[in-house]
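Q: How does the following fold in three dimensions:
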Amino acid sequence: MCDWMMVTGQCQRPAMEGSRFCEVHEPDSEMLRLNQYIISKRYLGDAPQRHNEHSDVKSVRSEIALLRSLIERKLNMIDSDAEMANALPGLKDAFLAVEKLVSSCHTMETKLGQLLNKQALIQLAQKIVHIIDGNIPDTIENREEIVERIGNDIAEAVIEQTND
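A: Numbering: from 1, shown residues only. Next up, the predicted model:
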């Protein structure tokens, strides 16, 4: 039997060979994709396809920026305390959505190695100072002090850096 559960109970079609699902409910089946498309098309029109194909939709960060812009626009449209009170439930949901997107973005970037933790940032700073040290000729007056000052400035910048 197919493992797909419906409102009316378990699907009674036989499972396909090597699968837990029938040909209709197989997650990669053309029929399931068609059914999802029909449902989506009915309620959403062509919006998902338009947004997916749009060249400006590139990352979670762009979605965060868009959502923050919409919140800002909504806030700028509010003229009175009554309008603010009326808008609060929707704004709360939007703020929660931003928080969730930011958290997801941070998690993704961390897992993909796109964010450096403090220790990795310090090691990078040390490598930069080493590169600078190796490229400043020995003949320059006060060379040691210059390299030391550059190293201290980079270290201070790393320590002061915070994630936004």
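
Q: The nearest residue to Asp3 once chain neighbours are set aside in helix, strand or coil?
A: Take Asp3 and drop its neighbours on the chain: the residue closest to it by C-beta to C-beta, 6 or more residues apart in numbering is Arg20, 4.3 Å away. All C-beta atoms are positioned from the backbone trio N, CA, C, and that covers glycine. Here Arg20 is recorded as coil under DSSP: H, G, I helix; E, B strand; the rest coil.

Q: Quick check: Arg20 touching Cys11?
A: No - counting by C-beta atoms under 8 Å, Arg20 does not reach Cys11; the two are 10.6 Å apart.

Q: out of the two, which sits in the busier spot?
A: Cys11 (17 against 13; other C-beta atoms under 10 Å).

Q: Check Asp46 and give its pLDDT.
A: Per-residue pLDDT puts Asp46 at 64.

Q: before we move on, what about Lys92?
A: At Lys92, pLDDT is 90.

Q: Next: Arg42.
A: 62.

Q: ditto for Asp79
A: Looking at Asp79, the pLDDT reads 91.

Q: Now do the same contact list for Arg13.
A: By C-beta atoms under 8 Å, 6 or more residues apart in numbering, the residues touching Arg13 are 1-2, 22-25.

Q: what residues do Arg20 and Cys11 have in common as contacts?
A: Listed contacts common to Arg20 and Cys11 are 2-3; contacts here mean C-beta under 8 Å, 6+ apart.

Q: Determine the number of other residues adjacent to Asp138.
A: Neighbours of Asp138 under the rule other C-beta under 10 Å: 6.

Q: My reading is that it lies in a strand. Confirm?
A: No - read with three-state DSSP, Asp138 is coil and lies in no strand.

Q: which one's the longest helix in this structure?
A: As assigned by DSSP state H, the longest helix anywhere in the chain is helix 81-111.

Q: Now that helix: buried residues?
A: Neighbour counts over helix 81-111 (16 or more other C-beta atoms under 10 Å) mark 94, 98, 101-102, 105 as buried.

Q: Would you map the helices across this structure?
A: 30-44, 47-53, 60-77, 81-111, 118-135, 143-160.
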